[in-house]
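S.K.: sequence-free structure coming up:
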C-alpha cells in the first residue's frame with residue numbers, strides 16, 4: 001500500500017525542500033510544485049512533494065496516523081529495525 005505523508009516545508013533550496021514530518025525531517029523533491037515554499041504544508045510520496053494542502057488537513061491526517069500507530073504499538077516516524 002502506498003501512502004502520501006503530510007509535512008511542513010521548513011526551507012527550500014532550488015528543487016529540494018527540507019520537510020518536517022511530525023518531528024522527523026527529510027529532504028523532498030519539489031519539482032512538481034514550483035510554487036511551494038517555506039511554511040507550506042505538502043503531501044509527499046516516494047521523496048516527491050505531490051500536492052500543497054491546507055494546514056488543518058495536514059494536522060488532522062497526522063493526528064489520525066498517530067492514533068493508528070498508538071493502536072498498533074509502533075512508533076510514528078521511526079523506521080522498523
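M.R.: Structure's in. What do you need? No experiment lies behind these values; they were computed from the predicted model shown.

S.K.: tell me the mean pLDDT over the host helix or strand of residue 58?
M.R.: Residue 58 belongs to helix 55-72 when assigned by DSSP states H and E. Averaged across helix 55-72, pLDDT comes to 90.

S.K.: Using neighbour counts, pick out the buried residues of it.
M.R.: 58, 61-62, 65 (16 or more other Cβ atoms under 10 Å). (C-beta placed from N, C-alpha, C; glycine too.)

S.K.: Run through the neighbouring helices and strands of it.
M.R.: When contacts are defined as 3 or more Cβ pairs under 8 Å, 6 or more residues apart in numbering; DSSP states H and E, helix 55-72 sits against strand 5-13, strand 41-45.

S.K.: Tell me who's in contact with residue 55.
M.R.: Residue 55 makes contacts with residue 41, as judged by Cβ atoms under 8 Å, 6 or more residues apart in numbering.

S.K.: Give me the distance between it and residue 2.
M.R.: Distance, residue 55 to residue 2, using Cβ to Cβ, to the nearest Å: 23 Å.

S.K.: cool, residue 30 as well?
M.R.: Distance from residue 30 to residue 2, by Cβ to Cβ: 19 Å.

S.K.: and what of residue 50?
M.R.: Distance from residue 50 to residue 2, by Cβ to Cβ: 11 Å.

S.K.: Looking at those two now, which is surrounded by more residues?
M.R.: A count of neighbours by other Cβ atoms under 10 Å puts residue 50 above the other of residue 50 and residue 2, at 15 against 5.

S.K.: which one is that one nearest to, not counting chain neighbours?
M.R.: residue 43 (5.5 Å; Cβ to Cβ, 6 or more residues apart in numbering).

S.K.: Then residue 61?
M.R.: residue 6 is the one closest to residue 61 (Cβ to Cβ, 6+ apart), at 4.8 Å.

S.K.: Would you confirm that the one you found contacts residue 54?
M.R.: No. At 9.8 Å, residue 6 does not count as touching residue 54 under the criterion of Cβ atoms under 8 Å.

S.K.: what residues do these two have in common as contacts?
M.R.: With Cβ under 8 Å, 6+ apart as the test, residue 6 and residue 54 both reach residue 41.
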